[in-house]
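Novice: just to be clear, the model below is a prediction. Sequence and coordinates:
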Amino acid sequence: MGVKRSLQSGGTTLGFLANFFIVLSSASNYWIRYSGGHSGLWQECNQGICSNIPCDSFCFLLADMIMQSTDAISGFPVCL
């Protein structure tokens, strides 16, 4: 019984950690760093000048992330 409880606790902890990192990565503009700037899901910055990335280049990625996060959240209670 102790092994089952520790596996459940570990799975629950990893589930919370994964959801935290999904939210953090969605909010961050530092996905890729290169000399002179950085870019993320929402903005691209070159030499200190930031501009929003147009929707056509990331709408599919955004929709995919939303679908994956809702699947993870709806499937999360199964682990408990």
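Specialist: Perfect, thanks for sending it. Numbers count the residues shown, from 1 in each chain.
Novice: all strands of this protein, in order?
Specialist: Along the chain, counting by DSSP state E, strands occupy 32-34, 37-39, 43-46, 49-52.
Novice: quick check: bridge partners of the closest residue to Ser51 other than its chain neighbours?
Specialist: In this structure, Ser51 finds its nearest non-sequential neighbour in Glu44, 6.0 Å apart by C-beta to C-beta, 6 or more residues apart in numbering. Just so you know, the C-beta spots here come from the backbone N, C-alpha and C atoms, and that holds for glycine as well. Applying DSSP bridges to Glu44 yields these beta-bridge partners: Ser39, Ser51.
Novice: pLDDT at Glu44, what is it?
Specialist: Glu44 is assigned a predicted lDDT (pLDDT) of 83.
Novice: for it, list the residues it contacts.
Specialist: 37-38, 50-51, 53 (C-beta atoms under 8 Å, 6 or more residues apart in numbering).
Novice: and those residues, which is closest to Phe20?
Specialist: His38 (21.5 Å; C-beta to C-beta).
Novice: Cys45 is in contact with that closest one, correct?
Specialist: Yes. Between His38 and Cys45 there is a contact under C-beta atoms under 8 Å: 5.5 Å.
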